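# Provided below are the primary sequence and the corresponding predicted coordinates.
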Amino acid sequence: MIIPMAMVFAFGFFLKRRKMSWMIFGVMTIGFLLLTVPTIIWENGGNHAITAMGIDNGAGAMEGKEVRFGSTASAFWSIATTVISTGSVNSMHDSFTPLSGMTQLLAMMTNAFYGGVGAGMLNFFIFIILAVFISGLMVGRTPEFMGKKIEAREMKIAMIVALLHPFLILVGTALAAAFPTITSATLANPGFHGFTEMLYEYTSSSANNGSGFEGLGDNNPWWNITTGFILILSRYIPIIGPIAIAGLLANKKFIPESAGTLKTDSSTFGIMVLAVIVIITALSFFPALTLGPIAEYFTLR
């Protein structure tokens with residue numbers, strides 16, 4: 001986790017905008033904690049279905065977890081590994097309680113909190129561009145980032161990159177659900193949890209993570225080919241977008257800061273960036289999460 005965190009401060013160091021790097025790091029850390037803390041609480045609370053059977057859940061939901069790590073360390077790393085795209089696991093994510101599975105998915109769906117080596121900053125840059133433009137419209141100030149105007153062309157590119165991630169995940173999951181004769185035989189768990197397994201498979205591919213809900217038998221042509229296409233498209237196209245935006249900004253005239261300039265290194269702007277990330281992620285993925293982990297949660301109550 002040290003390397004992706006360090007990339008944030010390297011960004012501020014080379015641009016001589018260390019205050020901005022602290023703002024970015026703060027937003028990423030808040031997002032990380034909003035995912036981690038509930039997951040730890042839910043896993044330490046145990047599985048309600050197992051408790052109803054009269055089995056002691058005092059150690060938490062221990063199915064699929066190692067005793068040497070326990071519920072707390074397993075829950076922590078399940079979010080850390082999905083946030084920073086390592087793909088390493090110290091427990092079986094498929095065995096987590098439904099809402100914990102949802103937070104693991106959200107970590108990869110957001111794909112902007114720390115991220116892999118540089119990938120977190122890459123995606124966060126897109127959210128900054130969106131937040132600058134939206135904030136400028138809301139408060140009546142010129143949308144500028146680092147002395148360069150953010151205009152229609154930059155916004156179009158940013159929106160394409162921001163929407164590509166959910167598009168690939170949701171289209172892949174929809175195709176898998178549309179051909180049950182191909183995919184149902186690979187699911188160890190039918191129903192809502194089986195849908196979550198498919199959703200996790202494509203989310204992990206698009207976020208370049210590598211972990212999986214391994215109740216899914218994914219070593220066959222369908223999963224290998226479809227996830228391969230999604231991995232390639234979701235890794236390389238989002239790299240082109242920020243570079244294109246950087247090229248457009250480089251050719252623009254530098255505008256010195258004035259009273260009308262929107263401050264992009266303040267805590268207020270950080271809150272705006274976090275709101276943009278939450279809104280885009282929620283609007284894009286909430287229907288799919290409702291069909292998977294949220295629906296499964298209510299079946300266990």
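That came through fine. Numbering: from 1, shown residues only.

# quick one: secondary structure of the residue nearest to Gly210 when sequence neighbours are not counted?
Spatially, and ignoring its direct neighbours in sequence, Gly210 is nearest to Gly87 (2.6 Å; C-beta to C-beta, 6 or more residues apart in numbering). All C-beta spots, glycine's among them, are computed from the backbone N, C-alpha and C. Classification of Gly87 using DSSP: H, G, I helix; E, B strand; the rest coil returns coil.

# give me the distance between Gly87 and Leu34.
Between Gly87 and Leu34 the distance is 22 Å, computed by C-beta to C-beta, to the nearest Å.

# before we move on, what about Pro238?
From Pro238 across to Leu34, the span is 23 Å (C-beta to C-beta).

# more neighbours: the two, which one.
Using other C-beta atoms under 10 Å, the more surrounded residue of Pro238 and Leu34 is Pro238, with 21 against 16.

# from Trp22, how far off is the more buried one?
From Pro238 to Trp22 the distance is 25 Å (C-beta to C-beta).

# what of Met138?
Separation of Met138 from Trp22 (C-beta to C-beta) stands at 23 Å.

# which one of those two has more residues nearby?
Neighbours were counted for Met138 and for Trp22 using other C-beta under 10 Å; Trp22 has more, 16 against 10.

# name the nearest residue to the more buried one, ignoring sequence neighbours.
Gly12 (7.2 Å).

# wasn't the one you found part of a strand?
No - counting by three-state DSSP, Gly12 falls outside a strand, being helix.

# on that earlier part again, correct me, but the residue nearest to Gly210 touches Ser205?
No - contact status for Gly87 versus Ser205: not in contact, 10.7 Å apart, counting by C-beta atoms under 8 Å.

# of the two, who's got more company?
More crowded of Gly87 and Ser205, by other C-beta under 10 Å: Ser205, with 27 against 15.

# centre of the chain to the host helix or strand of the more buried one, how far?
Per DSSP states H and E, Ser205 falls inside helix 191-206. Centroid displacement of helix 191-206 relative to its chain, using C-alpha atoms, centre = their mean, to the nearest Å, is 14 Å.

# where in the stretch 101-250 of the chain is pLDDT low?
Counting by pLDDT under 70, the ranges of the stretch 101-250 of the chain that qualify are 117-118.

# residues contacting Leu106?
Leu106 sits next to 35, 281, 285, 289 when contact means C-beta atoms under 8 Å, 6 or more residues apart in numbering.

# switch to 10 Å and redo it
Contacts for Leu106 (C-beta atoms under 10 Å, 6 or more residues apart in numbering) come out as 31, 34-35, 39, 79, 82-83, 113, 203, 278, 281-282, 285, 289, 293.

# now swap in Ala207 and tell me
82-83, 85, 87, 105, 107-111, 115-116, 119, 123, 165, 169, 231, 234-235.

# what about 7 Å?
Ala207 makes contact with 85, 108, 111 under the criterion C-beta atoms under 7 Å, 6 or more residues apart in numbering.

# so which of these is the most crowded?
Asn111 (28 neighbours).

# is it true that that one touches Pro166?
No - the criterion here is C-beta atoms under 7 Å, and Asn111 misses it with Pro166 at 10.0 Å.
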